[in-house]
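S.K.: Below are the sequence and a predicted model; questions follow.
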Amino acid sequence: MSIKHAKDHRMKLGRRGEKTAAGLLQLLNFTILCRNWRCRAGELDIVAFGNDELIFTEVKSMHRKNGFSPLHNLSFRQRKRNYHAAQVYMKSLDITGIAGRFFLIEVTFRGIFLDNVTLHRDYLPPLPPRESL
């Protein structure tokens, strides 16, 4: 498999995982506000709103490998970037009075078929509501 083909394959897998994760959040009555929001601090895969909270969701997708979870691919550095990107998101849109929570959704595939979806709530500490100026 060429490097370009492998990258295309990972991109497609990631898009399928994000679509699946967005569908799960909608089933849980969250409204999707944006996907793949980027800033210098990092990227937020999905930002959703529900229960008077912003939900910052990291999505990890992979093909099924026994004994290995997509959660293992989430480094300390990436967790820190996710937290900081969420702070930048709230500040840049001047969102005040609303708390932020962090979800991680693991999506695994077996071949071309969806194998498992696991939601981890609060994988990072919550963001307190920003005060209005």
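M.R.: Arrived safely.
S.K.: quick one, what contacts residue 117?
M.R.: Residue 117 makes contact with 20, 21, 24, 105, 106, 107, 108 under the criterion C-beta atoms under 8 Å, 6 or more residues apart in numbering. (Each C-beta comes from the backbone N, C-alpha and C, glycine too.)
S.K.: Okay, and which of these map to strands?
M.R.: Using DSSP state E, the subset of the contacts of residue 117 located in strands is 105, 106, 107, 108.
S.K.: Sort out which one of those lies nearest residue 61 for me.
M.R.: Using C-beta to C-beta, residue 107 comes nearest to residue 61 of these, at 4.5 Å.
S.K.: Next, work out how far apart the closest one and residue 10 are.
M.R.: Per C-beta to C-beta, to the nearest Å, residue 107 is found 13 Å from residue 10.
S.K.: elements contacting the worst-scoring helix or strand of the chain on mean pLDDT?
M.R.: Within the chain, confidence by mean pLDDT, DSSP states H and E is lowest for helix 3-27 among all helices and strands, at a mean of 83. Where contact means 3 or more C-beta pairs under 8 Å, 6 or more residues apart in numbering; DSSP states H and E, helix 3-27 is packed against strand 31-39, strand 42-50, strand 53-63, strand 99-110, strand 113-121.
S.K.: hey, which of the ones you listed is tucked in deepest?
M.R.: Ranked by mean neighbour count, these are led by strand 53-63 with a mean of 22 (mean count of other C-beta atoms under 10 Å).
S.K.: Residue ranges in the chain under the pLDDT threshold?
M.R.: 1-9, 64-68, 70, 133 (pLDDT under 70).
S.K.: quick check, distance from stretch 124-133 to the centre of its chain.
M.R.: In terms of C-alpha atoms, centre = their mean, to the nearest Å, the centre of stretch 124-133 is set 19 Å apart from its chain centre.
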